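[1] below are the sequence and a predicted model for it; my questions follow.
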Amino acid sequence: DENSASDEKPNKKTDSVNTPKKKKVTKREEQLKQNWERRYTELKQFKEEHGNQAMLPDGALRNWLNHQKCDYQRMIAGETSRMTPLKVRRFTAVGFQIEKTKKRLTVEERKEQIKQNWECKYDELKQFKEKHGNQTMLPEGALRNWLNRQKTDYRNMIAGETSRMTPLKVRRFTAVGFQIEKTKKRLTVEERKEQIKQNWECK
């Protein structure tokens, strides 16, 4: 009968609501995924040949691994991160530790940790620049304090004093549009206030 026939007709509107929509993957996301898989494959190959992440030389692969450690720290802190539990398990599967350990560090491990922490903050700075485009918008907090310490290190370096700053780091700051050298241009009132505050932090 007509009533039973009409009851059997699918409700297209309801079905479209109930059917979960697939998240559209952008070209950027797809490229990031491919790059991650490529580096992970390189890491597996290194492990098979050398068996120890401590032997990983300076370069693109080591920098990538440090970025993964930064992403892991952001993930466990509840911050925006590209790290996932699945990626953590995949690192563990090939014998690479990305979690921080509380064991007493050797001198070399401490140096590596300092380097890794620097890379983490530099990575945050790049992300801030991509999102906001201006270092004067950098809010009060750990990242701004870190940048001020880099400026202090720069001044110590050009004064010939002990410093962790290097010409390479200066070029990397310049590459992302962050100025750590002193400039001789006329400062605005806000920039002057920031300079006074920064000089106070340095002391």
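    Cool, got the structure.
[2] residues near E190, how many?
    Around E190 there are 9 other residues, counting by other C-beta atoms under 10 Å. Yep, even glycine has a C-beta here, placed from its N, CA and C like the rest.
[3] helix or strand: which one has it?
    helix 189-202 (DSSP states H and E).
[4] now Y40
    Per DSSP H and E: helix 27-50 holds Y40.
[5] show me what that helix is in contact with.
    53, 56, 61, 64-65, 82, 87, 90, 94-96 (C-beta atoms under 8 Å, 6 or more residues apart in numbering).
[6] apply 6 Å and report the result again.
    61, 64, 94-95 (C-beta atoms under 6 Å, 6 or more residues apart in numbering).
[7] any idea of the mean pLDDT in stretch 128-145?
    Across stretch 128-145, pLDDT averages out at 78.
[8] what are the buried residues along it?
    128-129, 135, 138, 144 (16 or more other C-beta atoms under 10 Å).
[9] also stretch 28-40?
    39-40.
[10] center of the chain, which residue is that?
    D123 (3.8 Å; C-alpha atoms, centre = their mean).
[11] isn't it up against C70?
    Yes: counting by C-beta atoms under 6 Å, D123 touches C70, with 5.4 Å between them.
[12] list the helices and strands the helix ranked longest in the chain packs on?
    Counting by DSSP state H, the longest helix found in the chain is helix 107-132. Judged by 3 or more C-beta pairs under 6 Å, 6 or more residues apart in numbering; DSSP states H and E, helix 107-132 is in contact with helix 60-76.
[13] make it 7 Å
    helix 60-76, helix 142-158 (3 or more C-beta pairs under 7 Å, 6 or more residues apart in numbering; DSSP states H and E).
[14] quick one: buried residues of that helix?
    Those would be 112, 116, 119-125, 128-129, for helix 107-132 by 16+ other C-beta under 10 Å.
[15] re the thing from before, ok, of the contacts of helix 27-50, which come out buried?
    Using 16+ other C-beta under 10 Å as the burial test, the contacts of helix 27-50 include W64 as buried.
[16] of the contacts of helix 27-50, closest to K169?
    K169 lies nearest to W64 out of the contacts of helix 27-50, by C-beta to C-beta, at 18.2 Å.
[17] spatially nearest residue to that closest one, not counting backbone neighbours?
    R39 (4.6 Å; C-beta to C-beta, 6 or more residues apart in numbering).
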